[in-house]
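In: Sequence below, structure please.
(one chain, ligands or ions: 1)
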Amino acid sequence: MDFPIFHLDGMGNRMLIAIIAIIHVMINHPLAVGIYPLITLLEWRGKKQNNEELDQFAKRITFVVFLITTSLGALTGVGIWLSTSLVAPFAIGSLIRVFFWGWFAEWLVFITEVILILIYYMTWDRWKEGRAKSWHIGVGVTLSIMSWATMAIIVAILGFMMSIGAWKEGSSLLTAVFNPIYLPQLAFRTTLALATAGLFTWFLIGLIPKSQQELRLQMTRLVSGWTLFWLPFWGLASWWYMSVVPEAMKGLIPLGMMTQKFITWQHAMLWASVGVISFIAVVAAAGLFKPKWVPRVALLAPFFLGIALLGHFERVREFIRKPYVIAGFMYSNGVRVDEVEFYRQNGILPYSTYSSVTKVTDDNKLVAGKDLFVISCSRCHTTAGMNGIDAKLTKLYGEQWDEAQMTAFVRGMHLSHPYMPPFPGTEQEAAALVAYLVDLHENPAVIEGAQEVGIPHPIGVAKPDQPTGRLDDGNVAAALPEILKQAERTLD
Ligand code: HEC
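Out: Below you'll find the predicted structure:
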């Protein structure tokens, strides 16, 4: 709330982050983390068997991986920072204070990783013989460890965000590492990365031309063995991970898998996942024992299927965090859990630096209501786009919208719909929000975020001729007692 609010009214803010983050994970897991151990293994195998063709194929995989990770991978990595800082600056602001050194270390490790990839690729043909080749393989091993380390750090932060109560137990990188979700999630992601690296390599093997049939069969056998080896570990890690996800979050999995409308399809979804995994296992077994039987398309398809599954998993994981952005500490709309009661009694508008009014009156109801929508709902809802509020309300109430009933809904929506945070405002503010929603239904209008309309004048710095009408009316000293009182209450 204490940031000017960025808002995308069509695709929705969540979708912006989701698209970038899911592409990133799809690249990062198989290509930045899982594949270096596999490539190094192939190189080692090539050396042992004195197989130049195998060696050169491993080099070619490295080149493709390098291109994709340093372009699309790096771009989406930075994109996650940019989009989350725009949509949820309050959450990033809180996390970066706790995880400053973690992220700093992550940055160092990442830079080291990129340098190592460069060295690994560029010295491939130069460090070819005897000892030099062993050194080269050593670089591959180091690279594998470094790329896994980036994941190990980030997963600590992700686990912390999902772990209810983590913040209260003292927030540091150490508490994050020791939170109960950490190891299971790391095991899950590590084995997933290793297995999906196999799927990506299958895809490249599928592209080997007919003229190199011998190489294709040999590679199919090796990489199928790799994939088949990791699948059971991944299964075990998934089970371990599921067993530590908090119950409240598990309850949201069906809704996360599908939207409300399709909630009954969750079994179909589950079976589709089982189907994909079984198909991959069958191809891997065939590839290991009878590589000749495996048609090319069977090597190409698993990558896309696996990637779809991985994307879907991330979507569900993100969904079940609701209504929190940081579990137990901060709701998705940036309101801290311990602040909510205060706002419900005293109102949120007087404490929202960038809202256009501080108090609901008969004259400003619609303006106040719009601000309240932006503050408390717009992180997850648009007006008429993705998860559009108008359609949601129409589905709920048909064409008979009763304002009193809707106000009661808003005040209690966190109880009836636990994936939504409590409305952080008074009864009067809830009524203003509803008045705005009713007006929006009759006169649809797009909400433009701060990135379009600019940043309104914040509290305490009003121009002399244009009083803000806020608590302090431009006078910080006068407002101080009230601000301190609020700070004290939230600190309690
Ligand atoms: C944390 C994200 C989040 C926030 C914040 C949020 N909602 Fe929701 N809301 C959702 C999701 C997700 C759905 C369900 C979408 C679906 O149908 O699958 C939903 C559904 C709804 C529905 C339809 C409920 C039903 O039973 O069909 C209404 C009405 C609604 N929200 C109103 C609001 C209002 C008003 C606010 C702000 C005061 C708000 N929401 C804030 C995520 C959120």
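In: Break this protein down into its structural domains.
Out: Domain assignment for the chain by automatic domain parsing gives 13-331, 338-456.
In: Which of these has the lowest mean pLDDT?
Out: Lowest mean pLDDT within the domains of the chain: domain 13-331, a mean of 87.
In: Next, give phi and psi for residue 128.
Out: phi -100, psi -40 (degrees, to the nearest 10).
In: In contact with it, which residues?
Out: Contacts for residue 128 (CB atoms under 8 Å, 6 or more residues apart in numbering) come out as residue 136. C-beta: built from backbone N, CA, C; applies to glycine.
In: circling back to that earlier point, out of the domains of the chain, nearest to residue 5?
Out: In terms of CB to CB, the element of these nearest to residue 5 is domain 338-456, at 5.3 Å.
In: Next one: that closest one, is it in contact with the ligand?
Out: Yes. Under the criterion of CB under 6 Å from any ligand atom, domain 338-456 makes contact with the ligand via 376-377, 379-381, 387, 389, 392-393, 395-396, 410, 413, 417, 419-421, 423.
In: that older thread, for the domains of the chain, which one sits closest to residue 4?
Out: Going by CB to CB, the one of the domains of the chain nearest residue 4 is domain 338-456, 3.7 Å.
In: Helices - which of the residues of domain 338-456 next to the ligand land there?
Out: Judged by DSSP state H, the residues of domain 338-456 next to the ligand include 376, 389, 392, 393, 395, 396, 410, 413 as members of helices.
In: mind giving me CSV with the domains of the chain and columns for distance to residue 6?
Out: CSV is the format used below for those (distance: least, CB to CB, whole Å):
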stretch, distance to residue 6
domain 13-331, 4
domain 338-456, 5
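In: quick revisit: buried subset of the ones in helices among the residues of domain 338-456 next to the ligand, written for ChimeraX?
Out: Typed into ChimeraX, the line below selects the buried ones among these, using 16 or more other CB atoms under 10 Å:
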select :376,389,393,410,413
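In: and which of the ones in helices among the residues of domain 338-456 next to the ligand is nearest to residue 10?
Out: Comparing these against residue 10 with CB to CB places residue 389 closest, at 13.4 Å.
In: isn't residue 10 right next to residue 387, touching?
Out: No. The pair residue 10 / residue 387 is not scored as a contact, 11.3 Å apart, by CB atoms under 8 Å.
In: So if I had to pick from those two, which one is more boxed in?
Out: residue 387 (15 against 12; other CB atoms under 10 Å).
In: How about that one: what's its closest non-neighbour residue?
Out: residue 381 (5.2 Å; CB to CB, 6 or more residues apart in numbering).
In: in the stretch 1-150 of the chain, which spans are helices?
Out: 13-27, 35-48, 52-68, 74-87, 89-98, 100-122, 130-162 (DSSP state H, counting those that start in this stretch).
In: coming back round to it: farthest-apart pair in the ones in helices among the residues of domain 338-456 next to the ligand, please.
Out: Going by CB to CB, the pair spanning these furthest: 376 and 395, at 20.0 Å.
In: Tell me where the stretch 251-400 of the chain has helices.
Out: Under DSSP H, counting those that start in this stretch, the stretch 251-400 of the chain gives helices at 253-257, 266-289, 296-319, 340-346, 365-376, 389-397.
In: how about CSV for these, with distance to residue 353 added?
Out: Converted to CSV, the helices of the stretch 251-400 of the chain look like this (distance: least, CB to CB, whole Å):
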stretch, distance to residue 353
helix 253-257, 33
helix 266-289, 42
helix 296-319, 28
helix 340-346, 14
helix 365-376, 11
helix 389-397, 24
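In: Let me know which of the ones you listed is the nearest to residue 64.
Out: Of those, the one closest to residue 64 (CB to CB) turns out to be helix 296-319, at 12.5 Å.
In: what's the nearest residue to the residue of the stretch 51-200 of the chain found nearest the ligand if we skip its chain neighbours?
Out: Closest to the ligand within the stretch 51-200 of the chain is residue 88: 10.7 Å, counting by CB to the nearest ligand atom. Nearest residue to residue 88, sequence neighbours excluded (CB to CB, 6+ apart): residue 325, at 5.7 Å.
In: Equivalent analysis for residue 102, please.
Out: Closest to residue 102 by CB to CB, 6+ apart is residue 173, at 4.5 Å.
In: Tell me how many other residues surround that neighbour.
Out: 18.
In: what's the answer for residue 310, then?
Out: Neighbours around residue 310, by other CB under 10 Å: 20.
In: So for it, what's the nearest residue that isn't a sequence neighbour?
Out: Closest to residue 310 by CB to CB, 6+ apart is residue 26, at 5.9 Å.
In: my read: the one you found touches residue 307, true?
Out: Yes. The criterion here is CB under 8 Å, and residue 26 meets it with residue 307 at 5.1 Å.
In: Give me the nearest residue to the closest residue to the ligand within the stretch 1-150 of the chain, chain neighbours excluded.
Out: Going by CB to the nearest ligand atom, the ligand is nearest to residue 14 of the stretch 1-150 of the chain, at 7.6 Å. Spatial nearest neighbour of residue 14, chain neighbours left out: residue 380 (6.0 Å); criterion: CB to CB, 6+ apart.
In: Now the phi/psi pair for that neighbour, please.
Out: The phi/psi pair for residue 380 (degrees, to the nearest 10) is phi -120, psi -20.
In: surely it meets residue 332?
Out: Yes. Here residue 380 reaches residue 332: they are 6.1 Å apart, a contact under CB under 8 Å.
In: Identify the contacts common to those two.
Out: Going by CB under 8 Å, 6+ apart, residues that sit against residue 380 and also against residue 332 are residue 322.
In: if I pick the residue nearest to residue 387, what's in contact with it?
Out: 12, 373, 387, 388, 389, 392.
In: again with residue 121
Out: By CB under 8 Å, 6+ apart, the residues touching residue 121 are 59, 62, 63, 66.
In: OK, contacts around the last one?
Out: If I follow you right, that is residue 66. Residue 66 touches 117, 118, 121, counting by CB under 8 Å, 6+ apart.
In: Columns distance to the ligand on top of those, output as JSON lines?
Out: Shown next, in JSON lines, are the contacts of residue 66 (distance: CB to the nearest ligand atom, whole Å):
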{"residue": "117", "distance to the ligand": "38"}
{"residue": "118", "distance to the ligand": "42"}
{"residue": "121", "distance to the ligand": "43"}
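In: what about residue 208, which helix or strand?
Out: Residue 208 is part of no helix or strand when elements are defined by DSSP states H and E.
In: For it, grab phi and psi.
Out: Backbone torsions of residue 208, given as degrees, to the nearest 10, read phi -60, psi 130.
In: thinking again about what came up before, most neighbours per residue, which of the helices of the stretch 251-400 of the chain?
Out: Stretch with highest mean neighbour count among these: helix 365-376 (a mean of 23; mean count of other CB atoms under 10 Å).
In: Could you tell me the angle between it and helix 389-397?
Out: 100 degrees (axes from the mean of the first three to the mean of the last three CA atoms, to 10 degrees).
In: heads up, I number from 52, so please use that
Out: Shifting the count to begin at 52 puts that one at helix 416-427.
In: on that earlier part again, to residue 101, which of the helices of the stretch 302-451 of the chain lies closest?
Out: Nearest of the helices of the stretch 302-451 of the chain to residue 101, taken as CB to CB: helix 317-340 at 22.8 Å.
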